[in-house]
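K.L.:
The sequence and its predicted three-dimensional model are supplied below.
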Amino acid sequence: MRIILTLLLFSLSLVNVQAQLLKKLKQKIDQAAVQAADKVTNSKPASKPEKKAEQPAVTSGSNDKATDASVSNEKAGNDTQDLKVTSKFDFVPGSTILYFDNFEKDNIGEAPLGWITSTSAEVVTIEGLEGKWLKMSSVSTQQITRNKKQSWGNNFTAEFDLLIVRKDYDPRIDINLINTDGNLVTDEAILGSEKKPAVNFSTIIAEGSKSRASLYAFDNRLSDNMTENLPYNNTSPVHVSMCVQGKRFRLWWNNRKLYDLPAVKEEYLPNQLGFSFGSVGGSEFYVSNIRVAKDIPDTRAKFEEGKLVSNLLFYSGTAKLKPESMGSLLDVSKILKDATSAVKIVGHTDSDGDDALNLKLSRDRAETVKEILVSQYGIDASKLTTEGRGETQPVADNKTAEGKAQNRRVEFIFKPEADKYTNVVGAGSNNQTTNNNSKSIANSGNQQVASSSGATSVTLQSKILNVSLPYAQFLKRSESSYTFIASKEEGNGKENYFKIELQTVNTRFKPETYNFKEINEKNPLYGTKKFSEITKTEAMLTYGTTAKPYIYKFSSIIANGHMATYVSEDLSRHLPASSSNCKLVIEKVEDGKASGYFLFGIMIQGLKPIKKGDAMQETFTDGFSGEMKCTFSNVPVY
């Protein structure tokens with residue numbers, strides 16, 4: 001019996017040990033499953049390299065020590081041109097540059113001034129890559145560019161270089177084309193907007209054909225591919241290119257087109273570019289050479305006119321063409337094959353650097369373009385001649401990044417009579433037109449790039465302030481609401497600006513009168529009938545030698561005096577009556593531009609504090625200051 005009991009106890013202990021081992025094994029399995037789930041979404045397997053990938057050597061202001069990893073990619077300064085034709089790569093950038101950013105004037109280790117982010121961003125240099133790069137915080141963050149153009153139109157391109165560095169988990173990034181929903185493109189309120197991006201490309205990047213790529217238009221999912229191939233490596237940037245033409249949207253990952261489909265709502269066109277990141281992290285992202293341009297050229301039409309301007313991209317200071325420009329050359333090569341007379345290729349540079357070196361560089365770049373057209377696209381070399389004009393013929397202001405990018409160009413001259421140059425006001429020392437074919441110069445002091453007639457104009461007149469606000473627009477917020485914004489400086493919504501929110505009863509923006517609610521309420525039909533209305537105003541318009549007082553909003557009340565004079569000791573307000581003269585009138589809407597006027601009462605802020613009240617007190621620092629008259633013409637409606 002004792003032997004049987006001993007064997008029984010031994011068996012029970014053995015079962016208990018096995019149970020404990022199984023429990024621990026199960027815990028490890030569950031833990032591994034959770035860790036794997038953190039690395040992927042939607043049950044997608046993580047891709048882990050067999051050996052640790054190379055890491056780029058990054059230099060920032062906060063840490064001057066580079067990482068110990070080497071960089072294997074080719075230096076940009078290598079002039080050897082080894083580009084190959086990719087027949088399916090047909091991206092052609094817009095010809096008028098709206099926004100260009102390579103962070104060249106920003107300090108290393110600091111956030112670029114004007115960049116919009118919910119957390120942080122830092123300008124750095126990367127060993128083996130030219131120029132400066134922006135390292136974007138990539139955990140639970142949004143990053144939005146410092147573009148100032150309120151509209152890109154419905155025919156534009158956006159492109160940038162993106163360095164993706166995998167650390168612990170597969171990289172995840174959302175690339176967003178944003179409609180700013182009635183806000184200025186520089187307004188930080190965009191970060192808190194609940195409105196989805198106009199177009200959103202969302203991806204989890206894995207090795208081989210294991211990436212997940214999704215495309216959304218607002219809340220509508222247009223595509224979701226679980227087996228996409230998105231090649232990248234830790235030391236060479238990916239070039240992302242996007243093109244919007246009406247409803248049509250296209251996106252390329254390097255030279256591979258991922259999408260070509262209707263995705264854009266033309267009533268809510270994108271006007272800002274952003275990047276967003278979830279909570280997983282585990283990778284680093286660097287961006288540079290952001291370029292947004294409108295007016296995608298009709299190459300055939302330019303051929304008939306006799307001149308095509310192309311902003312081909314070269315590595316800085318070299319005649320080496322960047323791969324992303326091969327789509328433009330493919331486009332040009334198609335019409336060159338039809339040319340029956342000689343075609344002149346002319347290189348131009350910006351004004352950075354030595355004049356003589358820029359002249360040589362422009363010649364070398366023109367020659368590079370010729371060599372590629374001959375060797376890669378089979379163009380007859382006898383058709384092509386080359387010339388360099390250096391920095392002598394700017395078409396934009398070399399003081400801005402956008403202007404310099406516009407000046408770095410290659411021109412194709414199909415007809416000698418089309419080889420003329422009109423100097424842009426502000427881009428050079430003299431305003432003149434040059435016939436490059438005959439080398440003659442004719443004065444044209446009254447010739448401007450754009451006629452002053454038809455220009456946007458907003459003029460404010462009052463007893464305390466008379467000013468013009470040249471940057472203005474009506475922005476569509478919803479099916480029936482618009483915002484009228486005007487400012488002294490482009491994209492500046494913090495000072496010297498006003499904003500007026502309008503609610504219309506019409507299905508489209510057209511001539512009509514907007515009243516304040518206080519005026520509409522006097523109409524006997526109010527409540528049973530809808531009326532177009534001014535729903536909100538705000539401003540920051542200084543009018544003296546100091547920052548205060550300033551105009552902070554408009555009103556339906558035309559009066560003068562400190563607000564405290566209209567408040568009794570029991571804090572009840574006895575304000576003057578609203579004036580029926582206070583209204584905003586749209587007199588004309590033509591070719592997408594509005595003209596009209598408004599008359600409002602002025603409210604000012606920053607007056608001497610005055611306290612009112614007995615048991616409870618309130619301090620007043622605002623008041624009234626007469627009326628404001630405004631006339632506006634040719635204000636774009638977006």
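P.N.:
That came through fine.
K.L.:
Show me the shaky parts of the stretch 401-550 of the chain.
P.N.:
424-453 (pLDDT under 70).
K.L.:
Show me where it has its helices.
P.N.:
401-407, 517-520 (DSSP state H, counting those that start in this stretch).
K.L.:
ditto for the chain
P.N.:
Applying DSSP state H to the chain gives helices spanning 2-39, 299-305, 326-336, 355-377, 401-407, 517-520.
K.L.:
how much distance is there from the second one to the middle of the chain?
P.N.:
Centroid displacement of helix 299-305 relative to its chain, using CA atoms, centre = their mean, to the nearest Å, is 29 Å.
K.L.:
Render the CA-only coordinates of stretch 108-116 in PDB, please.
P.N.:
The C-alpha trace of stretch 108-116 is given here as PDB (Å, rounded to 0.1, in the frame of the first residue of the first chain):
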ATOM      1  CA  ILE A 108      20.800  72.500 -38.200                       C
ATOM      2  CA  GLY A 109      19.300  71.000 -35.000                       C
ATOM      3  CA  GLU A 110      16.300  73.400 -35.100                       C
ATOM      4  CA  ALA A 111      12.700  73.100 -36.200                       C
ATOM      5  CA  PRO A 112      12.100  75.000 -39.500                       C
ATOM      6  CA  LEU A 113      10.200  78.300 -38.900                       C
ATOM      7  CA  GLY A 114       6.700  78.000 -40.200                       C
ATOM      8  CA  TRP A 115       6.600  74.200 -40.300                       C
ATOM      9  CA  ILE A 116       3.400  72.900 -38.700                       C
END
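K.L.:
residues of that stretch that come out buried?
P.N.:
Using 16 or more other CB atoms under 10 Å as the burial criterion, the residues of stretch 108-116 that qualify are P112, W115, I116. To be clear about C-beta, it is placed using only N, CA and C from the backbone, and glycine gets the same treatment.
K.L.:
just those residues now: which is nearest A486?
P.N.:
When the buried residues of stretch 108-116 are compared for distance to A486 (CB to CB), I116 wins out at 21.3 Å.
K.L.:
show me the contacts for the closest one.
P.N.:
Applying CB atoms under 8 Å, 6 or more residues apart in numbering to I116 gives the contacts Q142, Q143, I144, T145, R146, T186, E188, I190, L191, G274.
K.L.:
Identify the bridge partners of it.
P.N.:
I144 (DSSP bridges).
K.L.:
In this structure A401 contacts D106, no?
P.N.:
No - contact criterion CB atoms under 8 Å: A401 and D106 do not qualify, at 10.6 Å.
K.L.:
surely G208 meets N229?
P.N.:
Yes - the pair G208 / N229 is scored as a contact, 6.8 Å apart, by CB under 8 Å.
K.L.:
So for these two, which sits in the more crowded spot?
P.N.:
Just comparing G208 and N229: by other CB atoms under 10 Å the higher neighbour count belongs to N229, 16 against 10.
K.L.:
Quick check: the residue lying closest to the more buried one once chain neighbours are set aside vs P237, distance?
P.N.:
Distances taken as CB to CB, 6 or more residues apart in numbering put S209 closest to N229, at 4.5 Å, once the chain neighbours are dropped. Noted for S209: a distance of 21 Å to P237, by CB to CB, to the nearest Å.
K.L.:
next one: L599
P.N.:
54 Å.
K.L.:
neighbour count winner among those two?
P.N.:
In this comparison of L599 against P237, neighbours counted by other CB under 10 Å, the higher total goes to P237 at 22 against 16.
K.L.:
low-scoring pLDDT stretches of the protein, where are they?
P.N.:
1-53, 61-87, 424-453.
K.L.:
Show me how the protein divides into domains.
P.N.:
Domain assignment for the chain by automatic domain parsing gives 83-294, 299-443, 457-636.
K.L.:
Would you mind reformatting those (as TSV) and adding columns for distance to P56 while you're at it?
P.N.:
Putting the domains of the chain into TSV (distance: least, CB to CB, whole Å) gives the following:
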stretch	distance to P56
domain 83-294	5
domain 299-443	17
domain 457-636	32
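K.L.:
Mind checking the ones you listed for the one nearest to A57?
P.N.:
Of the domains of the chain, nearest to A57 by CB to CB is domain 83-294, at 3.6 Å.
K.L.:
hang on, S633 packs against P470?
P.N.:
No - contact between S633 and P470 fails when scored by CB under 8 Å: they sit 11.7 Å apart.
K.L.:
more crowded one of those two?
P.N.:
More crowded of S633 and P470, by other CB under 10 Å: S633, with 18 against 14.
K.L.:
The more buried one and N423: what is the separation?
P.N.:
For S633, the distance to N423 - CB to CB - is 28 Å.
K.L.:
before we move on, what about G347?
P.N.:
Distance from G347 to N423, by CB to CB: 18 Å.
K.L.:
contacting residues around V343?
P.N.:
Applying CB under 8 Å, 6+ apart to V343 gives the contacts L336, K383, L384, T385, F412, I413, F414.
K.L.:
try 10 Å
P.N.:
303, 308, 332, 335-336, 370, 373, 379-380, 383-386, 412-415 (CB atoms under 10 Å, 6 or more residues apart in numbering).
K.L.:
Counting neighbours, what do you get for the closest residue to S633 other than its chain neighbours?
P.N.:
In space, and not counting its chain neighbours, S633 is closest to S595: 4.2 Å by CB to CB, 6+ apart. S595: 18 surrounding residues under other CB under 10 Å.
K.L.:
ok, what's across the strand from S595?
P.N.:
K588.
K.L.:
Let me see the contact set for it.
P.N.:
456-457, 511, 585-589, 631-635 are the contacts of S595 under CB under 10 Å, 6+ apart.
K.L.:
Could you single out the nearest of these to Y99?
P.N.:
T456 (18.9 Å).
K.L.:
That closest one is in contact with G592, isn't it?
P.N.:
No - applying CB atoms under 10 Å as the test, T456 and G592 come out as separate, 11.7 Å apart.
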